[in-house]
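S.K.: only geometry, no sequence info:
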């Protein structure tokens, strides 16, 4: 008996030691084989070394990184009813790898009825569009099931929790999609406007507030959106003038995040399409890093490199915050693809295809085609919400020239019709929370 007890004692001690070792937090300090600097406390020399070394490495390793490994021309439309509320979801599933499948259960809400949450400029059912076949497809990952994505299921899972979207107009589309799904696209007078809790009130003279927040009383679930096109802190350079330039601090997260992060349980970040000279000049944004202006001779003066530094900075900052918030989930959503053909938005570019999946229905590659976003979250607790290749196959889902304002000759091949592709982004998000 003494021998048995001694044996059990030694086994228990050994197991306890293994568990302790496995649960010690490990902060990964390597990114693509190179040390990651703590951006928020770097010297100018370190910042210069970081920006040059990392960005040169990206150029060498990923030339032409926008190309996608997409294949699979769809045959006759197949109808599937395989979604089951009790389906087992593989936690290791690569939700970005799979195929589009025709499904007459989609869309998840009516574009004619979700008027309470859906902006008219994105409600293609209320436009002059005549083809809506893009609505009747769902995404099926390879080798794993998707949980049944419905409003009630989402609200039950998010009971007593807050979901926050922070980003640009594509983030706002995802927010409106989630509001339509959560309410079933129906008028919902019981949903409370709680934007004032987050400072989301319309300023005098403004067209709209900086965001919106709504609470579902039955489950105490809050869904909010905050507009931040670059995820970076903006600081007015001259507070005495009505129109002033703003310092856009590449290495500082937007103030809203620092102020309200404690209120969020799930956070989805996105940025990408505002990193161009037209937007920066129009908004009077000036690049800053380490508290100083970025000179024109600096490599960070190139906006794609500036964006990459921001992505790494915010992922690094979020990772440090998540060390103290183990139950919180943060996602960096990859960039939503544009589908302009024969020009850009202001030079006659169009996206007139109306045939679903004419360029293939399947995504086969294991890694994201948004290389900067995937690289930014590597080695952090921030998860990647990878929607780029999935959406790249759906060029027929854009607003195109359907809008009543399209008489100007400008096509919208950036934003999506709703219901539409952003609903799938939310389904993939739901599967991971």
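M.R.: Now that the structure is in, tell me what you want to look at. Note that the structure is predicted; figures quoted are calculated from it, not measured.
S.K.: and residue 196, how far is that from residue 215?
M.R.: Going from residue 196 to residue 215 by CB to CB, to the nearest Å gives 11 Å. In short, each C-beta sits where N, CA and C put it, glycine included.
S.K.: In terms of neighbours, single out the busier of the two.
M.R.: residue 215 (19 against 10; other CB atoms under 10 Å).
S.K.: hang on, isn't residue 428 packed against residue 387?
M.R.: Yes. At 6.7 Å, residue 428 counts as touching residue 387 under the criterion of CB atoms under 8 Å.
S.K.: Spell out which residues are contacts of both of these two.
M.R.: residue 96 (CB atoms under 8 Å, 6 or more residues apart in numbering).
S.K.: more neighbours, the two?
M.R.: A direct count of neighbours by other CB under 10 Å for residue 428 and residue 387 places residue 387 higher, at 28 against 22.
S.K.: Can you pull the phi and psi angles for that one?
M.R.: When read as degrees, to the nearest 10, the backbone of residue 387 gives phi -120, psi 0.
S.K.: Next up, the contacts around the closest residue to it other than its chain neighbours.
M.R.: Computed as CB to CB, 6 or more residues apart in numbering, the closest residue to residue 387 that is not its neighbour in sequence is residue 425, at 4.7 Å. Contact analysis of residue 425 by CB under 8 Å, 6+ apart lists 174, 177, 333, 385, 387, 391.
S.K.: tell me which element the second one falls in.
M.R.: Secondary structure assigned from DSSP states H and E places residue 177 in helix 169-183.
S.K.: hang on, the earlier thing: looking at the contacts of residue 425, which one is closest to residue 98?
M.R.: residue 387 (12.0 Å; CB to CB).
S.K.: do you know how far that closest one is from residue 168?
M.R.: 14 Å.
S.K.: next one: residue 200
M.R.: From residue 200 to residue 168 the distance is 16 Å (CB to CB).
S.K.: so residue 175 touches residue 164, yeah?
M.R.: No. Taking contacts as CB under 8 Å, residue 175 lies outside contact range of residue 164: 9.1 Å.
S.K.: is it true that residue 324 lies in a helix?
M.R.: No. Under DSSP: H, G, I helix; E, B strand; the rest coil, residue 324 sits outside any helix and is assigned coil.
S.K.: Tell me, how many residues neighbour it?
M.R.: Neighbourhood size, residue 324 [other CB under 10 Å]: 8.
S.K.: re the thing from before, which strands or helices does the helix holding residue 177 pack on?
M.R.: In terms of contacts (3 or more CB pairs under 8 Å, 6 or more residues apart in numbering; DSSP states H and E), helix 169-183 is packed against helix 151-157, strand 162-167, strand 211-216, strand 221-227, strand 266-269, strand 412-416, helix 421-432.
S.K.: Taking the centroid of this structure, which residue is nearest it?
M.R.: Nearest residue to the geometric centre of the chain (CA atoms, centre = their mean): residue 333, 2.5 Å.
S.K.: okay, that residue: pLDDT?
M.R.: In this model, residue 333 is scored at 98, pLDDT.
S.K.: bridging residues for it?
M.R.: Per DSSP bridges, the residues bridged to residue 333 are residue 385.
S.K.: now it: how far from residue 231?
M.R.: Computed as CB to CB, the residue 333 to residue 231 distance reads 11 Å.
S.K.: Spell out which residues are contacts of both of those two.
M.R.: Counting by CB under 8 Å, 6+ apart, the residues touching both residue 333 and residue 231 are 167, 269.
S.K.: would you turn the contacts of residue 425 into a markdown table with distance to residue 152?
M.R.: Shown next, in a markdown table, are the contacts of residue 425 (distance: CB to CB, whole Å):
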| residue | distance to residue 152 |
| --- | --- |
| 174 | 20 |
| 177 | 17 |
| 333 | 24 |
| 385 | 23 |
| 387 | 24 |
| 391 | 26 |
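S.K.: just the helices in the stretch 251-400 of the chain please.
M.R.: 255-260, 277-283, 303-322, 371-377, 388-392 (DSSP state H, counting those that start in this stretch).
S.K.: Let me have those in CSV, extended by mean neighbour count.
M.R.: Formatted as CSV, those follow (neighbours: other CB atoms under 10 Å):
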stretch, mean neighbour count
helix 255-260, 17
helix 277-283, 12
helix 303-322, 22
helix 371-377, 22
helix 388-392, 22
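S.K.: what's the offset of stretch 285-304 from the middle of its chain?
M.R.: 25 Å (CA atoms, centre = their mean, to the nearest Å).
S.K.: again with stretch 378-396
M.R.: The answer for stretch 378-396 is 8 Å, by CA atoms, centre = their mean.
S.K.: what does stretch 238-248 give?
M.R.: The answer for stretch 238-248 is 29 Å, by CA atoms, centre = their mean.
S.K.: So what touches it?
M.R.: Applying CB under 8 Å, 6+ apart, the contact partners of stretch 238-248 are 230, 232-237, 280, 283-288, 293.
S.K.: List buried residues within these.
M.R.: Taking 16 or more other CB atoms under 10 Å as the criterion, what is buried in the contacts of stretch 238-248 is 230, 232, 233, 234, 235, 280, 285, 287, 288.
S.K.: Mind checking which of those land in strands?
M.R.: If you go by DSSP state E, those have 232, 233, 234, 235, 285, 287, 288 in strands.
S.K.: Specify the beta-bridge partners of residue 192.
M.R.: Under the criterion DSSP bridges, residue 192 forms beta bridges with residue 215.
S.K.: hang on, the earlier thing: identify, from the contacts of residue 425, the entry nearest to residue 305.
M.R.: Out of the contacts of residue 425, the member with the shortest distance to residue 305 (by CB to CB) is residue 333, at 20.7 Å.
S.K.: Surely the closest one and residue 167 touch.
M.R.: Yes. With contact defined as CB under 8 Å, residue 333 reaches residue 167; the gap is 7.2 Å.
S.K.: so what sits against both of these two?
M.R.: What both residue 333 and residue 167 touch, as defined by CB under 8 Å, 6+ apart, is the set 268, 269, 270.
S.K.: which residues touch the second one?
M.R.: Meaning residue 269. 166, 167, 171, 231, 314, 318, 330, 331, 332, 333.
S.K.: residues contacting the residue nearest to the centre of the chain?
M.R.: Shown in contact with residue 333 (CB under 8 Å, 6+ apart): 167, 171, 174, 268, 269, 270, 373, 385, 387, 425.
S.K.: And it, how far from residue 286?
M.R.: Distance from residue 333 to residue 286, counting by CB to CB: 26 Å.
S.K.: now residue 212
M.R.: From residue 212 over to residue 286 (counting by CB to CB), the distance is 29 Å.
S.K.: ok so, going back, mean confidence score for the helix holding residue 177?
M.R.: Averaged across helix 169-183, the pLDDT comes to 98.
S.K.: oh, and call the first residue 24 from now on, that's how I've got it
M.R.: New numbering, starting at 24: the last item is helix 192-206.
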